[in-house]
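Asks: just need the structure, nothing else, for what follows:
(2 chains)
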Amino acid sequence: MLRDPITDVHSDAWWMRVCEGALSPQEEADWQAHLAQCEACRREWTALAQVDMLLRTATPPPMLAPDFTAHTVERITHKQKLRQMLQFVVGALILGLVAWIGWAYFGAVLSNAVRALVVMISGRQVLFAALMRTLVGLAVMIKSLLPLLLGIAGAALLFLTPNSILASVMVVWYARRKRAAATAA
Amino acid sequence: MEEWLLSAQHGDEAAVNRLVTTYQQPVFNLCYRMLGEYTEAEDAAQEALIKAVLNLHAYDAERPFKPWVLRIASNECIDRIRRRKPVVSLDGMGEDGAWEWQAGHSPNPESEMLHHERQVEIQEMLESLPPLDRTVITLFYWEGLSYTEIGEVTGLSISAIKSRLFRARRVMAQLIVSSNTLGSNTLGSNTMEEERYVA
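Replies: Coordinates of the predicted model:
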């Protein structure tokens, strides 16, 4: 038959209640009666009481050395500075690594983009230079074709406006004839 | 988070100084009880305080600070205990390596000797416990922390803390019983018999 661990005076649960002073008056009386009869429990209870007395009356540990605080604070501040420096170095390394990986993967794209950006910036200069080259080229070409151009222009003028030329020739002929007659008279 | 803790986090030396000054003794006390040796306890306390300041960003400002810093100290000590190789403590040992009892300062050398032996006995009993039980005992008896606060430090539930406390006391009691059986009891008389010891 199983015994209830709470009321079994040999169970750990009972002994823990005894140590905590959690027994009812009736249980306390039963416990004292049991101790009077049971040599093993009495011996253990006495030993537990001795342990408790020893622990409660133990002298406190010695005091710390006077320089303990200063030495500890010094070590802490040193470690904090070291940690900050380490964090900075690690951060810089990570940044460098990310930049390196980024350049390896996206370097070509970035390079093209940079080039395009340069072209955009220098576009105006390029356009101006091209315009100037075109004008110079045109001037050179015009100089070499000038006689032909003048001939074509004269022919066009003659072809397009024959009456005005004929009139001009007649006026010039009449003016010369009048001058010759005046000279003869 | 309190303003000065925030300042300490950002490296303000005055705030760091205040933090260390406030918590160094409780942290050292825990380390000393856990490790049982002055120099190592001092070293562990310093490491714990350094870790606490450098990890202030992980501190939950809604919770009390002392259990948090004691938790760091407890973890530091448990790590050291696990790494520890069997060594002989040099506390109280002379330059020639022989045990040296420093007489002359105490008006009552016999009681001083008895007191020293009791401290050694307590330390031996503590060292017979698993590290976490040692932490629980230390915080309960010498730091005066409540079950809830011990739970904050150790991450245990209240019932687990009670259970561990009882188990640790029982282990130590068995040591006393066995030392009584061997006739080498230095723990005092049986005047505490039948004493109800926990309120």
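
Asks: mind checking how far A:A139 is from A:R133?
Replies: 11 Å (CB to CB, to the nearest Å). Heads up, the C-betas are built off the backbone N, CA and C, glycines and all.

Asks: kindly apply the preceding question to A:V109 instead.
Replies: To A:R133, A:V109 is 33 Å away according to CB to CB.

Asks: what's the following helix or strand after whichever strand or helix holds A:I101?
Replies: Secondary structure assigned from DSSP states H and E places A:I101 in helix A:68-144. Past helix A:68-144, further along toward the C-terminus, the next helix or strand under DSSP H and E is helix A:146-160.

Asks: now do that following helix, average pLDDT.
Replies: Helix A:146-160 shows a mean pLDDT of 80.

Asks: convert it to PDB, retaining C-alpha atoms only.
Replies: In PDB, the C-alpha atoms belonging to helix A:146-160 read as follows (Å, rounded to 0.1, in the frame of the first residue of the first chain):
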ATOM      1  CA  LEU A 146      33.700  79.000-106.200                       C
ATOM      2  CA  PRO A 147      34.300  79.400-110.000                       C
ATOM      3  CA  LEU A 148      31.800  76.700-110.800                       C
ATOM      4  CA  LEU A 149      29.300  78.200-108.400                       C
ATOM      5  CA  LEU A 150      29.800  81.600-109.900                       C
ATOM      6  CA  GLY A 151      29.300  80.200-113.400                       C
ATOM      7  CA  ILE A 152      26.200  78.300-112.400                       C
ATOM      8  CA  ALA A 153      24.900  81.500-110.700                       C
ATOM      9  CA  GLY A 154      25.500  83.600-113.800                       C
ATOM     10  CA  ALA A 155      23.900  81.000-116.100                       C
ATOM     11  CA  ALA A 156      20.900  80.800-113.800                       C
ATOM     12  CA  LEU A 157      20.600  84.500-113.800                       C
ATOM     13  CA  LEU A 158      20.800  84.600-117.600                       C
ATOM     14  CA  PHE A 159      18.400  81.800-118.000                       C
ATOM     15  CA  LEU A 160      15.900  83.000-115.400                       C
END
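
Asks: isn't B:Y59 right up against B:A8?
Replies: No. Using CB atoms under 8 Å, B:Y59 is not in contact with B:A8, being 10.4 Å away.

Asks: what strand or helix carries the residue nearest to A:F68 when sequence neighbours are not counted?
Replies: The shortest distance from A:F68 to any non-neighbouring residue, by CB to CB, 6 or more residues apart in numbering or on different chains, is to B:Q24 (6.3 Å). Using DSSP H and E, B:Q24 sits within helix B:13-35.

Asks: for the next helix or strand after that helix, C-alpha coordinates in CSV please.
Replies: With elements assigned by DSSP H and E, the helix or strand that comes after helix B:13-35 is helix B:38-54. The C-alpha trace of helix B:38-54 is given here as CSV (Å, rounded to 0.1, in the frame of the first residue of the first chain):
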residue,chain,number,x,y,z
TYR,B,38,40.7,34.3,-2.0
THR,B,39,42.9,35.0,-5.1
GLU,B,40,40.7,32.9,-7.4
ALA,B,41,37.6,34.4,-6.0
GLU,B,42,39.0,37.9,-6.5
ASP,B,43,39.9,37.1,-10.1
ALA,B,44,36.5,35.6,-10.7
ALA,B,45,34.7,38.6,-9.2
GLN,B,46,36.7,40.9,-11.4
GLU,B,47,35.9,38.9,-14.5
ALA,B,48,32.2,38.8,-13.6
LEU,B,49,32.0,42.6,-13.1
ILE,B,50,33.8,43.1,-16.4
LYS,B,51,31.4,40.8,-18.2
ALA,B,52,28.5,42.5,-16.5
VAL,B,53,29.5,46.0,-17.7
LEU,B,54,30.4,44.8,-21.2
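
Asks: helices or strands up against helix B:38-54?
Replies: With contacts defined as 3 or more CB pairs under 8 Å, 6 or more residues apart in numbering or on different chains; DSSP states H and E, the packing partners of helix B:38-54 are helix A:68-144, helix B:13-35, helix B:65-83.

Asks: mean confidence (pLDDT) on the last one, please.
Replies: Mean per-residue pLDDT for helix B:65-83: 92.

Asks: for whatever helix or strand comes next after it, packing partners?
Replies: Going down the chain from helix B:65-83, the next helix or strand is helix B:109-127, by DSSP H and E. With contacts taken as 3+ CB pairs under 8 Å, 6+ apart, helix B:109-127 sits against helix A:39-57, helix B:131-141, helix B:158-181.

Asks: now with 6 Å?
Replies: Applying 3 or more CB pairs under 6 Å, 6 or more residues apart in numbering or on different chains; DSSP states H and E, one finds that helix B:109-127 contacts no other helix or strand.

Asks: could I get the average pLDDT for that helix?
Replies: Mean predicted lDDT for helix B:109-127 stands at 78.

Asks: now the angle from that helix to helix B:13-35?
Replies: 90 degrees (axes from the mean of the first three to the mean of the last three CA atoms, to 10 degrees).

Asks: next, the buried residues of helix B:109-127.
Replies: Neighbour-count burial for helix B:109-127, counted by 16 or more other CB atoms under 10 Å in any protein chain shown, picks out B:R118, B:E121, B:I122, B:Q123, B:M125, B:L126.

Asks: distance to B:F28 for the residues you listed - can I get that in a markdown table?
Replies: Formatted as a markdown table, the buried residues of helix B:109-127 follow (distance: CB to CB, whole Å):
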| residue | distance to B:F28 |
| --- | --- |
| B:R118 | 21 |
| B:E121 | 22 |
| B:I122 | 17 |
| B:Q123 | 15 |
| B:M125 | 21 |
| B:L126 | 16 |
